[in-house]
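# Fold the following.
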Amino acid sequence: MTEESATVRDACATLLEKTARTLGLGGGGTEFVATFRAMTGHWGAARPSDLPLSDVSPDGSPVEYAVDLGGDTPALQFAMEPLTAGVPARDPGAARALMPLLAGRHGAGTARWSAVADLLLPDDADGPHVSMYGAEVRPGAPVRFKVWFYLDVTGPDGVFDLLYTALDRMGARHLWSAVQAHVQRPGYDVPFLLSLDLADGPEARVKVYFRHFGADAEEVAAVLKSYPGFEPGEVRALCATMTDGRRHFTVQPPVTCLSLFDAQTLERPPATLYIPLWTYAEHDGQVRGRIRRVLAAHPRALSRYDAVLAGIAHRDLDEGTGVHNYLSWQPGRSRPRVKVYLSPEMHDVNPPPLGAGQQDHPGGRPTARGRTE
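As a prediction, this is how the structure comes out:
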């Protein structure tokens, strides 16, 4: 747990700056940290206990760091939840206020956000959270922005209807068939996040994230087998490595993501697998060992991971879980794309399934209702 004397904004910016230096991002990293400070200005001098528990990191920290481990050049991302001290996380005010700042100061695209903001940022949100925002930097490239919207804002039974309406508003109703095809087990394969690249060009991505409740490794492999590059044996092996041989994801569901931006030109859109890390190990040292096995054939990625982890972890890894959030994996022609998602762990170790910010919310259970036709 980080020192309570530090403000959330300063503590998280310091870790982000350290990670940018570790990755050798240079001036781009400096700009990236300044962007983070601009996006979190509304936190002011809030300490961790001043803000409501976030859903960005499982322990309730309002920031998550993600590092692309497998690319030729490093990429660093952060996600943050717009929160206001003393105001419930479901209140959309901070989320609405952040978009004009990103558009005015950084040139972020607003077209898709504007099409769905009133739908997905309602004043009477049913779920505990409404949105997250993120930014990513790569050497020699401008900072890119994105937003994630929670699909249970009208209740856990309304996620399919809300997703359909959002796609329709963005002129993307034709992508609904890709969502339908991804639901292998109605009631248990449940969409929970919609993300948009905050850019107005044709390359801007639309992504849908699904939780797969009660799935085992075979069912995860079955969901992914028709997507480019996914071999069932590789999926099963990865799941086994990252869960120490467990067959079922009994505690925390795995997540898959569909990137729909180019679904018109591909028989199947690109997909990504996310394996939760904090609920299938006794401590983060075990998680580190499993990730190192996954990266053993990729020394550059392994070195990048070790260096970043050493800079973010502020305790002995064997003291509990919570530093590692997810590992994402997407097949590639020469090597897979692997990203690790890490927490500043501002509250406590050993966060609960689905995260401290989602405890007792009915959206944490599968639902059989909703539009799937």
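
# Please point out which parts of the worst-scoring helix or strand of the chain on mean pLDDT sit buried.
Sorting the helices and strands of the chain by mean pLDDT, DSSP states H and E puts helix 176-182 at the bottom, at a mean of 93. Judged by neighbour count using 16 or more other CB atoms under 10 Å, the buried positions of helix 176-182 are Trp176, Ala178, Val179, His182. (Each C-beta comes from the backbone N, C-alpha and C, glycine too.)

# Which member of the residues you listed is positioned nearest Gly41?
Within the buried residues of helix 176-182, the smallest distance to Gly41 is 35.8 Å, found for Val179 (CB to CB).

# tell me the contacts of the closest one?
Leu163, Tyr164, Leu167, Pro191, Val208, Leu258 (CB atoms under 8 Å, 6 or more residues apart in numbering).

# where exactly do the strands run in this protein?
63-68, 75-80, 131-137, 144-150, 189-197, 206-212, 255-259, 271-276, 324-330, 337-342 (DSSP state E).

# wait, doesn't Leu162 sit right on Pro122?
No - under the criterion of CB atoms under 8 Å, Leu162 makes no contact with Pro122, lying 10.1 Å away.

# Please enumerate the shared neighbours of those two.
Val153, Thr154.

# Give me the more crowded residue out of the two.
Taking other CB atoms under 10 Å, Leu162 and Pro122 do not tie; Leu162 has more neighbours (23 against 14).

# Let me see the ranges of the helices in the protein.
All helices of the chain, identified by DSSP state H, fall at 8-22, 26-39, 93-106, 111-120, 159-169, 176-182, 217-224, 232-242, 284-294, 299-312.

# out of these, nearest to Gly70?
Across the helices of the chain, closest to Gly70 is helix 299-312 (CB to CB), at 4.9 Å.

# residues touching the closest residue to Val235 other than its chain neighbours, list them.
In space, Val235 comes closest to Ala221 once its chain neighbours are excluded; the distance is 4.1 Å by CB to CB, 6 or more residues apart in numbering. Going by CB under 8 Å, 6+ apart, Ala221 touches Phe230, Pro232, Gly233, Val235, Arg236, Cys239.

# for Asp200, same thing?
Gly109, Thr110, Ala111, Arg112.

# correct me, but the second one touches Gly104?
In other words, Thr110. No - using CB under 8 Å, Thr110 is not in contact with Gly104; the gap is 9.9 Å.

# Give the residue from those two that has the larger number of neighbours.
Shown here are Thr110 and Gly104; by other CB under 10 Å, Thr110 has more neighbours (17 against 10).

# Grab the nearest non-local neighbour of that one.
Per CB to CB, 6+ apart, closest to Thr110 is Ala103, 5.0 Å.

# Show the pLDDT at that neighbour.
On pLDDT, Ala103 comes in at 96.

# all numbers from here: first residue = 13
OK, 13 is where the count begins now, so the last one is Ala115.

# From what I see, it and Ala123 are in contact.
No - assessed by CB under 8 Å, Ala115 is found out of contact with Ala123, at 10.4 Å.

# of the two, who's got more company?
Ala115 (16 against 13).

# Ala283: neighbour count?
So Ala283, with other CB under 10 Å, has 22 neighbours.

# hmm, I was thinking of Arg259
12.

# Next: Val128.
Per other CB under 10 Å, the neighbour tally for Val128 reads 20.

# my read: it touches Leu175, true?
No - Val128 lies out of contact with Leu175 (CB under 8 Å); the separation is 10.2 Å.

# Quick check: neighbours shared by those two?
Counting by CB under 8 Å, 6+ apart, the shared contacts of Val128 and Leu175 are Leu206.

# rewinding a little: now the residue nearest to Val247: how far from Glu294?
Counting by CB to CB, to the nearest Å, the gap from Ala233 to Glu294 is 26 Å.

# Report the distance from stretch 85-95 to the chain centre.
Stretch 85-95 has its C-alpha centroid displaced from the chain centroid by 9 Å (CA atoms, centre = their mean, to the nearest Å).

# how long is that stretch from one end to the other?
Counting by CA to CA, to the nearest Å, you get 32 Å between the two ends of stretch 85-95.

# shouldn't Gly369 be in contact with Ser66?
Yes - Gly369 lies in contact with Ser66 (CB under 8 Å); the separation is 5.4 Å.

# neighbour-wise, which of the two wins?
Under the criterion of other CB under 10 Å, the comparison of Gly369 against Ser66 puts Ser66 first, with 29 against 23.

# low-confidence ranges in the stretch 113-262 of the chain?
For the stretch 113-262 of the chain, no stretch has pLDDT under 70.

# do the same with the stretch 263-385 of the chain
Using pLDDT under 70, the stretch 263-385 of the chain drops low at 274-280, 372, 375-377, 379-385.

# can we see that at 90?
Scanning the stretch 263-385 of the chain for pLDDT under 90 picks out the ranges 272-282, 344-347, 370-385.

# pretty sure Lys141 contacts Asp67?
Careful, residue 141 is His and not Lys. Yes - if you go by CB under 8 Å, His141 and Asp67 touch, sitting 4.5 Å apart.

# Fine by me, we can end here.
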